[in-house]
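Peer 1: Sequence and predicted structure, then a few things I'm wondering about:
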Amino acid sequence: MPAALRAWRRGTRGIKQVLLDQTLVSGIGNIYADEAMWRARVHPERPARATSVATASALLEATQAVMRDALAQGGTSLDALYVNVNGQSGYFARGLEAYGRGGEPCGRCGNLLSRATIGGRASHWCGRCQRRYSPRRAAVR
């Protein structure tokens, strides 16, 4: 198991807070964390320690894919401050599935996306696609 997965599954914090912890894996920002969790169908408040190896692996793969996609599109420019060295905006923001879309329909299921502050950061997710963790439901599986 990669060191990142082992580190993600330790402690008592939610998985989004762990993703944003730059001492574990640097470079994952708030936008990319929301997008990766949407792709991997992981609720941002899922306890990191309750994340299975399979789910953590899927989340790591989704995070890598989001970062590759964002890089290929020049990054995420939400305002004039975020441009490349030539002053050009990135285009990844045009295809965001979760971040900044609270109250809008999910592109996967049509359910309205939720928005809340988690760990001091705005978080966006689909309550249908990214179900809240339930220890009782997990034990049944």
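Peer 2: Okay, I see it.

Peer 1: Can you tell me what sits against the biggest helix by length in the chain?
Peer 2: Scanning the chain for the longest helix, with DSSP state H as the assignment, gives helix 53-72. Residues outside helix 53-72 that contact it (Cβ atoms under 8 Å, 6 or more residues apart in numbering): 1-2, 4-5, 8-9, 15, 19, 25, 27-28, 32-33, 35-37, 39-42, 51, 76, 90, 92, 95. The C-beta positions use only the backbone N, C-alpha and C, and glycine is treated the same way.

Peer 1: Now do the buried residues in it.
Peer 2: If you call a residue buried by 16 or more other Cβ atoms under 10 Å, then helix 53-72 has these buried ones: 55, 56, 57, 58, 59, 60, 62, 63, 66, 67, 70.

Peer 1: could you point out which element follows that helix?
Peer 2: strand 113-118 (DSSP states H and E).

Peer 1: okay, and for this structure, where does confidence drop off?
Peer 2: The chain contains residues with pLDDT under 70 at 1-2, 4, 77-91, 136-141.

Peer 1: export the buried residues of helix 53-72 to JSON lines and tack on distance to residue 104?
Peer 2: As requested, the buried residues of helix 53-72 are exported to JSON lines (distance: Cβ to Cβ, whole Å):
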{"residue": "55", "distance to residue 104": "25"}
{"residue": "56", "distance to residue 104": "28"}
{"residue": "57", "distance to residue 104": "29"}
{"residue": "58", "distance to residue 104": "24"}
{"residue": "59", "distance to residue 104": "23"}
{"residue": "60", "distance to residue 104": "27"}
{"residue": "62", "distance to residue 104": "20"}
{"residue": "63", "distance to residue 104": "23"}
{"residue": "66", "distance to residue 104": "19"}
{"residue": "67", "distance to residue 104": "23"}
{"residue": "70", "distance to residue 104": "20"}
